[in-house]
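*Asks:* model the structure of this input:
(one chain, ligands or ions: 1)
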Amino acid sequence: MQPPQLAGRMARLGTENAFKLGDDIQRCVERGMDVVRFNLGAPDFRSAPHLNEVAVQALEAGRSGYCDPAGIPSFREAVARHVTRTRGVETTPDRVVATPGAKPSIGYTFMTYVNPGDEVVYPSPGFPIYESWARFTGAVPVPLQLSEDNGFGFTAAELAPLLTDRTKLVILCSPSNPTGGVLSRLDLGEIAATVLERCRPDVRVYSDEIYEHVLFDGLDHESILSHAGMPERTVLAGGHSKGFAMTGWRLGWAVLPTAEEAGLFKQININIVSCVPPFLQEAGAAAYDDPRSAKVVEGMVREFEERRNWIVPALNRIAGVRCNLPKGAFYVFPNVAGLCRSLGATEAYEALPEDAKRRTSPAGMLQMFLLYRYGVATMDRASFGEIGAEGQHFLRISIANSMDDIRRGVARLAAAAADRAGFAEFARDQPKETR
Ligand code: PLP
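*Replies:* Predicted coordinates:
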């Protein structure tokens, strides 16, 4: 029951468990445990010295007050040049809005385009904030279930049956959190053609490209914006958090289909944050303009790739674990159905009362066992979209951790996988912590 002082909509607001799990981790740390944080979606690298310097100098020069709520001109120009160059479509600064991180653009898009009852198609597993906003705004969430069989990508043929005359927004995320799946140029071309054919011109595509810099095996980033007809309907969101290791800076941007729509994002900025700090934006512009950035990004991505190349075979050697090789982002997303069965998590879940079942899953119970008994923090499948997640058993493991931590964490996972008695005891003695 919702407390009477709260607005009804608050019961529908979701969360991002990567942050929420912090309380459980803290509890473990207070008990003296050492926790390997495979839950984190933040690069374990510092922001680049040449960018830090720009921000510090701007601060010292006094550029620390309010600024244009749409973003300072040099930032919007740098983003427009970056998008023009990398997506191959002319993009003007009047369609760019600076935002505090890439996340706000998700909520801004729902506020701007989606009415209660409108259908919103989004990838699942996917970034949990899509489903959260869909529920919060009274939209109808339509998850597009991704499969490990095709590397967690999807094709136009899978999207088409989900598009109806009530569809208002289609969300894409490539490279993907949590799966590391990547949509190819061919897939994106066919998806674009399907949207153009099936959807009214007022339907918007939200393309979350926050991981655009983190691609492996020499792949180039591909964007739906590059396809004919798409710049007129796409909200492209990006930012500095992942590719430039600047998660705490809270710096991102959106490119809107028109200057008028960008004006609405600016207006939401005015209503909520007023503006993004100008000294941060100056460094954000330099991230795209300064030639030193490319080397920094390349070095970080090379390390992620080496870690991926180590961890995937190591996970596949654990009985009951099956892991794909992700093509981008910094996560691996192993299937742990076999492990849930062999540890007894599936059985323990089935024995739970109905209301407890609704709060967890076999992978969720495994996640808590790994954390509380083995000091490994992971994220379960349901943390990445709850609707339709029943019967899917995955964990997300972030490789934004040192190789030492990755080795330690995987060794603990392997030990936990062999500890059926420990799981039974955990489920019996600490029922609260299993959910
Ligand atoms: N979109 C996706 C797919 C993400 O994984 C994240 C962060 O984890 C965000 C958006 C939010 O990025 P930011 O930290 O820049 O707000």
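
*Asks:* ok, Gly388 to the ligand distance?
*Replies:* According to CB to the nearest ligand atom, to the nearest Å, Gly388 stands 19 Å off from the ligand. Every residue, glycine included, has its C-beta placed from N, CA and C.

*Asks:* in contact with that residue, which residues?
*Replies:* Neighbouring residues of Gly388 by CB atoms under 8 Å, 6 or more residues apart in numbering: 124, 143, 145.

*Asks:* surely the first one meets Arg381?
*Replies:* No: Ser124 is beyond contact range of Arg381, at 9.3 Å (criterion: CB atoms under 8 Å).

*Asks:* okay, and the common contacts of those two?
*Replies:* Ala389.

*Asks:* neighbour count winner among the two?
*Replies:* Arg381 (26 against 23; other CB atoms under 10 Å).

*Asks:* please name the residues that touch the residue of the stretch 251-400 of the chain found nearest the ligand.
*Replies:* Proximity of the stretch 251-400 of the chain to the ligand (CB to the nearest ligand atom) peaks at Gly252, 4.6 Å away. Shown in contact with Gly252 (CB under 8 Å, 6+ apart): 98-105, 210, 237-241.

*Asks:* same thing but at 7 Å, please
*Replies:* Neighbour list for Gly252: 99, 101-102, 105, 237-241 [criterion: CB atoms under 7 Å, 6 or more residues apart in numbering].

*Asks:* same check, this time on Ala329
*Replies:* Counting by CB under 7 Å, 6+ apart, Ala329 touches 175-177, 180, 211, 214.

*Asks:* now do 8 Å
*Replies:* Ala329 neighbours (CB under 8 Å, 6+ apart): 175-177, 179-180, 211, 214, 242.

*Asks:* what score does it have for pLDDT?
*Replies:* Ala329 is assigned a predicted lDDT (pLDDT) of 98.

*Asks:* ok, the closest residue to Phe152 other than its chain neighbours to Gly422 distance?
*Replies:* Spatial nearest neighbour of Phe152, excluding adjacent residues (CB to CB, 6 or more residues apart in numbering): Gly181 at 3.1 Å. Between Gly181 and Gly422 the computed distance is 33 Å (CB to CB, to the nearest Å).

*Asks:* who has more neighbours, these two?
*Replies:* More neighbours surround Gly181 than the other of Gly181 and Gly422, with 27 against 15 (other CB under 10 Å).

*Asks:* which single residue of the stretch 201-350 of the chain ends up nearest the ligand?
*Replies:* Ser241 (3.4 Å).

*Asks:* and the residue of the stretch 251-400 of the chain closest to the ligand, bridged to which residues?
*Replies:* Counting by DSSP bridges, Gly252 forms beta bridges with Thr99, Gly239.

*Asks:* make residue 1 into 748 and carry on from there
*Replies:* In the new numbering, first residue 748, that becomes Gly999.

*Asks:* roughly how far apart are it and Leu916?
*Replies:* 19 Å.

*Asks:* close to the ligand: what parts of the protein are there?
*Replies:* 788, 848-850, 874, 920, 924, 955, 957, 986, 988, 994, 999 (CB under 6 Å from any ligand atom).

*Asks:* who are the contact partners of the one residue in the stretch 798-947 of the chain that gets nearest to the ligand?
*Replies:* At 2.7 Å from the ligand, Gly848 is the closest residue in the stretch 798-947 of the chain, using CB to the nearest ligand atom. Contact analysis of Gly848 by CB under 8 Å, 6+ apart lists 986, 988, 994, 997-999.

*Asks:* remind me, longest helix of the protein?
*Replies:* Determined from DSSP state H, the single longest helix within the chain is helix 1039-1063.

*Asks:* who does that one touch, helix- and strand-wise?
*Replies:* helix 796-807, strand 1078-1079, helix 1150-1164 (3 or more CB pairs under 8 Å, 6 or more residues apart in numbering; DSSP states H and E).

*Asks:* show residues contacting stretch 811-822.
*Replies:* 805, 823, 826, 840, 843-845, 1000, 1009-1010, 1012-1014, 1016-1017, 1021-1026, 1028-1029, 1031-1032.

*Asks:* now stretch 1058-1074
*Replies:* For stretch 1058-1074, the external contacting residues (CB under 8 Å, 6+ apart) are 895, 898-899, 922, 926-929, 962-964, 966, 1055, 1079-1090, 1144, 1146, 1153, 1157, 1160-1161, 1164.

*Asks:* buried stuff in the one helix or strand in the chain whose mean pLDDT sits lowest?
*Replies:* Lowest by mean pLDDT, DSSP states H and E among the helices and strands of the chain is helix 764-767, with a mean of 80. For helix 764-767, the neighbour count (16 or more other CB atoms under 10 Å) marks 764-765 as buried.
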